[in-house]
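A predicted structure for the sequence below; I have some questions about it.
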Amino acid sequence: MNTGLIYTKSSLDHDTGDSHPENKFRIQSILDKLKTKKNLNLEWSEPDNIDISSLNKTHDNNYIQKVKRAFPNKGHVFLDGDTVLSPGSKNASYDAVKSMISAVEMVHNKKLKNAFCAVRPPGHHAEFSKAMGFCIFNNVAVGANYLIEKYKYKKIAIIDFDVHHGNGTQNLFFSNEKVLYISTHQYPHFPGTGSSSEKGRYDNILNIPLLSGTNSREYFNAYEYALKKIKNFKPEFLLFSAGFDAHKDDPLSNINLKSEDYHEITKRTLLVANHFCEGKIVSVLEGGYNLNALAESTEQHLKALVNF
């Protein structure tokens, strides 16, 4: 089996404006980079035309309908100060959700070894009934809930290494003992959540706040707490919220990881988790706003998935 790369052409149609940090060039930079890497042996595919009614397992139905009505026929609409909708955002948002569901389906059914979803808009800031921080629907949470509802998984781990805390994912699973949420993030920083005191109802939240200026050595020392938590939880399926904005060149943060560090983060996580989840791993793109750093870091992340 191969590692799957799930992508959507509609991701390029989610027009936030060329000066917006979360723009179409992010996906294009990743795809352009990966097209030159024939040795990665990725299985490229677009998502199946999946029914996304399972969105209501993650988001309030009134919110889903509100967003549906907000998609414009022309121009731009703002769901909040940062989160922009254009005419192409409807298909992009729904296709991102479909990509996540397709990926977990194919990995669960052993059609893929593991998978990465190169999609936008990102998702981990989206809450039950609120868009936030470039995010409309919480893609990784949709994937977790889909696995719980359809396949009755009882232990799913979500590892979020985006530099911004995934407040939406944390809130959605704060009282769900079936989901372990781990986040490494710059703190204090947007969105203001993610202190180490936020532990979840069942001790199922682990926040690892990092000071501005944290380097690779300091990051990996802190990441040992994540690995220990994963080992104790024994996940049956592992999901990555893969944001690459803790890179030293990213304009929206001040953490100093290098591109190759994302290979190491992924590899170390897989070495621990694989004992329990038997390779059932799906990753979905979150942040990363320096195009070169984003493309290089994504490649490193995928190398670890492919070679494991």
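Cool, got the structure.

Note down every partner strand of the helix or strand containing residue 282 and its orientation.
Assigned by DSSP states H and E, residue 282 belongs to strand 281-285. Paired neighbours of strand 281-285 in the sheet (DSSP bridges): strand 114-118 (parallel), strand 237-242 (parallel).

how about the helix or strand following it: buried residues?
Next in sequence after strand 281-285, counting helices and strands by DSSP H and E, comes helix 291-307. Judged by neighbour count (16 or more other CB atoms under 10 Å), helix 291-307 contains these buried residues: 291, 293-306. C-betas here are computed from N, CA, C, even on glycine.

Take the strands paired with strand 281-285 and write them to JSON lines, including distance to residue 85 and mean neighbour count.
Shown next, in JSON lines, are those (distance: least, CB to CB, whole Å; neighbours: other CB atoms under 10 Å):
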{"stretch": "strand 114-118", "distance to residue 85": "20", "mean neighbour count": "27"}
{"stretch": "strand 237-242", "distance to residue 85": "22", "mean neighbour count": "27"}
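
on that earlier part again, just the closest of the buried residues of helix 291-307 to residue 172, please.
Nearest to residue 172 among the buried residues of helix 291-307: residue 301, at 23.6 Å, using CB to CB.

Excluding chain neighbours, what is closest to the closest one?
Closest residue to residue 301 apart from its sequence neighbours, by CB to CB, 6 or more residues apart in numbering: residue 262 at 4.7 Å.

what residues are up against that neighbour?
161, 244, 297, 298, 300, 301, 304 (CB atoms under 8 Å, 6 or more residues apart in numbering).

before we move on, back to that, then the strand holding residue 282 to PDB, C-alphas only?
Output in PDB follows, covering the C-alpha atoms of strand 281-285 (Å, rounded to 0.1, in the frame of the first residue of the first chain):
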ATOM      1  CA  ILE A 281      -2.800   7.600  10.200                       C
ATOM      2  CA  VAL A 282      -4.300  10.500   8.400                       C
ATOM      3  CA  SER A 283      -2.900  14.100   8.200                       C
ATOM      4  CA  VAL A 284      -4.600  17.200   7.100                       C
ATOM      5  CA  LEU A 285      -3.100  20.600   6.300                       C
END
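
Off-centre distance for that strand?
6 Å (CA atoms, centre = their mean, to the nearest Å).

Out of the strands paired with strand 281-285, the one nearest residue 251 is which?
Of all the strands paired with strand 281-285, strand 237-242 comes closest under CB to CB, at 18.4 Å.

leaving aside the residues next to it on the chain, what's closest to the residue positioned nearest the centre of the chain?
By CA atoms, centre = their mean, the chain has its centre lying nearest to residue 241, at 2.6 Å. Using CB to CB, 6+ apart and skipping the chain neighbours, the partner closest in space to residue 241 is residue 160 (3.8 Å).

how about the one you found, phi and psi?
Per-residue torsions, residue 160: phi -120, psi 110 (degrees, to the nearest 10).

ok, it - how many residues close by?
26 (other CB atoms under 10 Å).

For it, name its beta-bridge partners.
Note on residue 160: beta-bridge partners by DSSP bridges are residue 183, residue 241.

residues in contact with it?
Each residue near residue 160 by CB under 8 Å, 6+ apart is listed here: 124, 140, 166, 169, 181-185, 240-241, 243, 286.

Helix 291-307 and the strand holding residue 282, what's the angle between them?
With axes from the mean of the first three to the mean of the last three CA atoms, to 10 degrees defining the directions, strand 281-285 sits at 170 degrees from helix 291-307.

doesn't residue 169 make contact with residue 127?
No. Look at residue 127 against residue 169 with CB atoms under 8 Å: they stay out of range, at 9.1 Å.
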